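1. Make a model of this:
(chains A and B)
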Protein chains: 2
Amino acid sequence: MAVQIQNIDEILELVRTALENNDLDAALTYIQKLRTPDQADLLEELEDADQTIILSSLTPENSADILEYMDEIEAADVAESMPMEQLARIINEMEADEAADLLGDLAPEKAHLLLSRLEDAGEIQPLLIHPDDSAGGLMTSEFLVLLEDMTCAEALNAIRQWNPEQEDFTYFFVVDHQRHLRGVVHLLRLVSCAPTQRVGKIMDTDVVSIPAGADQEEAARLMSRYDLLALPVVNEEHVIVGVITVDDVLEVVEDEATEDIQRLGGAEPLDQPYLLTSIWKVFKTRIGWLMLLFLTETLTGTVLRYFEDELSQVVALSFFIPLLIGTGGNAGSQTTSTIIRALALQEITLNDALHALWHELRTGALLGIAMATIGYVRALTWGTSPTLAITVALALFTIVVWANGLGSLLPILATAMKIDPTVVSGPVMSTLVDATGLFIYFTIARFIMLR
Amino acid sequence: MAVQIQNIDEILELVRTALENNDLDAALTYIQKLRTPDQADLLEELEDADQTIILSSLTPENSADILEYMDEIEAADVAESMPMEQLARIINEMEADEAADLLGDLAPEKAHLLLSRLEDAGEIQPLLIHPDDSAGGLMTSEFLVLLEDMTCAEALNAIRQWNPEQEDFTYFFVVDHQRHLRGVVHLLRLVSCAPTQRVGKIMDTDVVSIPAGADQEEAARLMSRYDLLALPVVNEEHVIVGVITVDDVLEVVEDEATEDIQRLGGAEPLDQPYLLTSIWKVFKTRIGWLMLLFLTETLTGTVLRYFEDELSQVVALSFFIPLLIGTGGNAGSQTTSTIIRALALQEITLNDALHALWHELRTGALLGIAMATIGYVRALTWGTSPTLAITVALALFTIVVWANGLGSLLPILATAMKIDPTVVSGPVMSTLVDATGLFIYFTIARFIMLR
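-> Numbering: from 1, shown residues only, chains lettered A, B, ... in the order given. Got it, this is the predicted structure:
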C-alpha cells in the first residue's frame, strides 16, 4: 500500500539510517513503499553515491520511472556516475521523450556511446534534434497510428498487441498510407463500433496539430484551449512525427508561470529547483538587473540636483519623496502585473492596446483621486503647510495616473517589439516611476509654492 | 473544416455584418466554421441580444458546448436573458459539473425553477452544495464505476452502453457493492484482458483520491505530481462521489498562477478577463493595498524627520535616498518572487526555512559587495566626498543583505501563519525596505560622517 506524501520525511530518515548501517535491503524496502514521484523526491535528498547504489539495485523499470520524475539536472548527475551497462538497461525502460531529454543532458561522448547500446535508439535519435523548448522537444515518438482503411477489429487488435512503456494512450491518430495525419479516434469509440466498420468512417477529421518547430508554450495553449489530452506533432508534409501528452503540458504551464513570476520580481528565471541552485547561480540571475536598475535609478540623483534650490528653500519637500515615488511604483506594479498576465493569457492582444491604455488611465484617475485625498489629509495632520499639502495631493494624482499609463503601455510596447513583456518587472516599473515621479513632484512644487 | 484561430477576427466581422442585415442563417454558417472554444470567444464579442438569438438557433448540444467554454460571468448573463424552456434544453446537454457551475451563477429563484425542469437534476443537485474552489466544486458526477466482481466482458459492455456527454473517460474506477473506492483500471487494460477475467484481479489498487472538501489547488497538485488524467473524489466513508478530469485542472493551474501574479503585483486578483472587468472593479482590487502601503510608507517621513539635523548639515545625503531604498526594494522583490514560487511548488517547505534564509543571506552578501563597489565608484564620479561615498557603499551592502533576509523570511513566516505568502508582494517588500533602509542609511551616516 502506498504511503501518504506527508510521511516522506520519516521514510527518508529510515532510509538514511538503513544506508548508514549498510542495510541496503531495508533501505530498498522502505523506498518501495512510496509512489514513484515520491521515490524521486527522496532520492534527490540522498548523496550521489547512495543514489547510484539504489538505482542499480531496483528493477530497471522502477529506476527508469524514478529518473523520469527526478529534476533533470539531478538525473543527469546520477546518470553520469553510473556504469554504462546498468545505465543502458535503465534507459531502455524509459519513455522515448524522457530518454532523449536525459541523453541531451549528458556529456556528448557518453550519450553517443549509450545510444549505440539502446534497443530503442531508432525512436530516441530523431527526438534529439529538437530544441528542448519546442513542440518537437516535448513530444514522444512512441505512439501507435491507425490506418484509415483498417477495420475497428483490426485496430483493436493492433492496440492490444502494442505494448507501450506508458499506458496512458486513449486517442489514436489515423493516417493514410503515406503517414499523413487524417483524423483521430478515441479508444471508447473503437470499443463501441461494429468490428467490420472502417476506422476512416468513424474518426473525427477535425484534428488540431502543431508543427515540430513551434514553441512549447503554443502546444500548451492549444491543449488548454481545446481541452486536448494528446496533440499530434507534424512535419512540413503534415506527416505525424510525434505526440505530446497532457502530463508534459501541465509541467510546461507550471514552468512558464514560474519563469514569469521570477522575471516579474526582477530576476532571470532559475532553471532548477531553488534549494538545488548554488548561491553563485542565484547571484548571476539577479545581479544584471540590479545593476542596470541602479544605474537607471541614479537619474533620481540628477533630478534632485536639478531641483537643489527648491530643496534647500523648503526642506520639508524632501520628507515626501519616498512616499510619492513609492506610491507611484506601487500603482505601476499593480498595473503591469495585471496587463502582463492578460497578455500571457491572450485576454488582450496588440489590437486592444489603446483600449487597455484607456482602461488604465481611467482606473488611474480613480485611484489618483482617492490617493490625493488621503495624501492631503495625511500631510495636514502631519502639520504641513496647506500649500505643500496641495502640492503633495496634486503630485500624487499625477504620478498615479502616469504610473498606470506607463504600466499598461510598456508591456504592450514590449510585446509589439517581440520582447517578452515580463522585462517590465515590478522593479523596472518602480525605477522608471522614481525619476519621472520626482520630476513631476518638483515641477508642481515650483509652480504652486515657489513662484 | 475548422478554421484556424487567426481568422476569428475576420469571421467576427462577417457575423456582425450578417446580423446587421438580419441574415441569421449566414451568421450561423460562419459560426459553425469555428471550433467550439473559438465560437465561445466570438460570442463574447457580440451584444447580449445577438448572443441569445444565436444560442437559441444552434442545436442545444452546440449551444451547451459554447456555454461551457464561455467566461462564467458572460455565460450567466446570457443565460439570465434566455427563455426558461430553451435554457433548460441547452443545460440538459451540458456536462453535470459545468451545468452546476452555471446554475450557481444564476439568480437563486431562476436556478431553482430550472432545476425542476432538468433531466439530469439528480446528477447536478449534489454538485451545487460544494464550494466552487473545492475538489467537490471541480468534480463531475457523471461517471461510470465498475464493480470489482464484474468480468472484463461485462465491464466493456457496461462501458459500451454508457453514453456520456463527454467522451474523454479512459480510467474507470472500481468499487465494491457499497461503492467504496477499491481500484482503478485503464480502458486499454480492459480491451486487452481475457473476457472472463475479473476486474478486481486486473485493477490497480493504488489509487490516489481526494476528499470532496479539499482545496482545488490540492487536486491540481496531486494530478500534476502523479501525472493523473482522472482523480476520484471521495466522501468520509471513502465512497466515490465524483471524478475530476485533467482539463479542469489545467484551468486551475492557470487561474492560480494568474492570482499569484496579480497578488505579487500588489493587487487583489480579478475574477474575470481583464477587458471584461469594469474600471470600478479594477479600482476596488487595487485601492486597499495602495492605501495601506501609503500609510506604511509615511514611516519614511517619520524617519526623515528624525534625521532632520543630519539632512540639513549634509544636503547631499538626500541625493542618494531614492537610489538606496530603490535598490533595497529591487533586491527584496527579486527574493520574494523566487521564494514565493518555490513555496507554491513545494520546492521549499517550512522545514527549510532556515536553509532558505541562509541561502538568501549569502546571496545578499554577494549582491551587496557588487552593489557597494559600483555605488562607491558612481558616487565618486559624481564628485561626492570620499566619506559620503563610503557611507553610501556601506549602506548599500547592509540594505541589500537586509532586503534579502526580509524577502526570504516574510513569505515563509506568512506560510507558517497559514496566510497566503503572496501578500508579501513586490510593493509590500519595497515599502517595508524603504523605511528601514532609510534608518540604516542615516545611522551609518551618523557614525561615519557626523561623529
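2. Residue of the stretch 301-450 of chain A nearest chain B, please.
-> Closest contact between the stretch 301-450 of chain A and chain B, by Cβ to the nearest Cβ, is at residue A:337 (2.4 Å). (C-beta placed from N, C-alpha, C; glycine too.)
3. So that residue versus residue B:426, what's the distance?
-> Note on residue A:337: its distance to residue B:426, by Cβ to Cβ, to the nearest Å, is 8 Å.
4. ok, now residue A:120?
-> 47 Å.
5. do the same with residue A:24
-> According to Cβ to Cβ, residue A:24 stands 49 Å off from residue B:426.
6. quick one, which of those two is more surrounded?
-> It is residue B:426, of residue A:24 and residue B:426, that has more neighbours when counted by other Cβ atoms under 10 Å in any protein chain shown, with 32 against 14.
7. Show me what the mean pLDDT comes to for the helix or strand residue A:37 falls within.
-> Using DSSP states H and E, residue A:37 maps to helix A:36-45. The average pLDDT for helix A:36-45 rounds to 88.
8. Let's see that helix as PDB, backbone CA atoms only.
-> Provided in PDB are the C-alpha atoms of helix A:36-45 (Å, rounded to 0.1, in the frame of the first residue of the first chain):
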ATOM      1  CA  THR A  36       7.400   6.900  -8.000                       C
ATOM      2  CA  PRO A  37       7.300  10.700  -7.800                       C
ATOM      3  CA  ASP A  38       7.900  10.500  -4.000                       C
ATOM      4  CA  GLN A  39      10.700   8.000  -4.600                       C
ATOM      5  CA  ALA A  40      12.300  10.500  -6.900                       C
ATOM      6  CA  ASP A  41      12.000  13.300  -4.300                       C
ATOM      7  CA  LEU A  42      13.500  11.100  -1.700                       C
ATOM      8  CA  LEU A  43      16.400  10.100  -3.900                       C
ATOM      9  CA  GLU A  44      17.200  13.800  -4.600                       C
ATOM     10  CA  GLU A  45      17.800  14.200  -0.900                       C
END
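9. name the helices or strands packed onto that helix?
-> Helix A:36-45 sits against helix A:8-20, helix A:24-31, helix A:48-57, helix A:60-69, with contacts defined as 3 or more Cβ pairs under 8 Å, 6 or more residues apart in numbering or on different chains; DSSP states H and E.
10. Please identify the most buried of those helices.
-> Comparing the helices and strands packed on helix A:36-45 by mean neighbour count (mean count of other Cβ atoms under 10 Å in any protein chain shown), helix A:60-69 ranks first with a mean of 22.
11. Give me the helices and strands touching the helix or strand following that helix, please.
-> Using DSSP H and E, the next helix or strand after helix A:60-69 towards the C-terminus is helix A:72-80. Counting contacts by 3+ Cβ pairs under 8 Å, 6+ apart, helix A:72-80 is packed against helix A:48-57, helix A:60-69, helix A:96-105.
12. Tabulate those (TSV), appending mean pLDDT and distance to chain B.
-> Shown next, in TSV, are these (pLDDT from 0 to 100; distance: least, Cβ to the nearest Cβ, whole Å):
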stretch	mean pLDDT	distance to chain B
helix A:48-57	90	19
helix A:60-69	92	9
helix A:96-105	87	12
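13. on that earlier part again, so the residue of the stretch 301-450 of chain A closest to chain B touches residue A:426, yeah?
-> Yes. At 7.0 Å, residue A:337 and residue A:426 qualify as touching, with contact defined as Cβ atoms under 8 Å.
14. Point out the other helices and strands that the worst-scoring helix or strand of chain A on mean pLDDT packs with.
-> The weakest-scoring helix or strand in chain A, judged by mean pLDDT, DSSP states H and E, is helix A:308-313 (a mean of 80). Here helix A:308-313 touches helix A:426-448, going by 3+ Cβ pairs under 8 Å, 6+ apart.
15. The helix it packs on and chain B in contact?
-> Yes. Judged by Cβ under 8 Å from any Cβ of the partner chain, helix A:426-448 and chain B are in contact via A:426-427, A:430-431, A:434-435, A:438.
16. That helix packs against which elements?
-> Contact here means 3+ Cβ pairs under 8 Å, 6+ apart; on that basis helix A:426-448 packs against helix A:279-306, helix A:308-313, helix A:321-344, helix A:386-416, helix B:321-344, helix B:426-449.
17. report the angle between the axes of it and helix A:386-416?
-> If you take axes from the mean of the first three to the mean of the last three Cα atoms, to 10 degrees, helix A:426-448 sits at 140 degrees to helix A:386-416.
18. tell me the mean pLDDT over helix A:426-448?
-> The average pLDDT for helix A:426-448 rounds to 91.
19. shaky segments in chain A?
-> Flagging of chain A using pLDDT under 70 yields the residue ranges A:1-6, A:163-168, A:450-451.
20. quick one on the thing from earlier: quick check: closest non-adjacent residue to the residue of the stretch 301-450 of chain A closest to chain B.
-> Distances taken as Cβ to Cβ, 6 or more residues apart in numbering or on different chains put residue B:265 closest to residue A:337, at 2.4 Å, once the chain neighbours are dropped.
21. separation between the one you found and residue B:346?
-> Distance from residue B:265 to residue B:346, by Cβ to Cβ: 23 Å.
22. Residue A:47 now?
-> In terms of Cβ to Cβ, residue A:47 sits 22 Å off from residue B:346.
23. Could you find the residue nearest the spatial middle of chain A?
-> What sits nearest the mean C-alpha location of chain A, by Cα atoms, centre = their mean, is residue A:256, with 1.6 Å.
24. what about the residue lying closest to it once chain neighbours are set aside, helix or strand, and which?
-> What sits nearest to residue A:256 in space, not counting adjacent residues and going by Cβ to Cβ, 6+ apart, is residue A:217, at 5.9 Å. Assessed by DSSP H and E, residue A:217 sits inside helix A:216-225.
25. which residues sit in contact with the closest residue to chain B within the stretch 151-300 of chain A?
-> Going by Cβ to the nearest Cβ, chain B is nearest to residue A:265 of the stretch 151-300 of chain A, at 2.4 Å. By Cβ atoms under 8 Å, 6 or more residues apart in numbering or on different chains, the residues touching residue A:265 are A:425-427, B:264, B:333-338, B:426.
26. same deal with residue A:263?
-> Counting by Cβ under 8 Å, 6+ apart, residue A:263 has contacts A:269, A:420, A:422-423, A:425.
27. Buried only: go through those for me.
-> By neighbour count, with 16 or more other Cβ atoms under 10 Å in any protein chain shown, the contacts of residue A:263 hold A:269, A:422, A:425 as buried.
28. Can you lay out those residues as TSV showing distance to chain B?
-> Output for those, formatted as TSV (distance: Cβ to the nearest Cβ, whole Å):
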residue	distance to chain B
A:269	9
A:422	9
A:425	8
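29. Save the residues you listed as JSON lines, and put in distance to residue A:41 too.
-> Shown next, in JSON lines, are these (distance: Cβ to Cβ, whole Å):
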{"residue": "A:269", "distance to residue A:41": "22"}
{"residue": "A:422", "distance to residue A:41": "29"}
{"residue": "A:425", "distance to residue A:41": "31"}
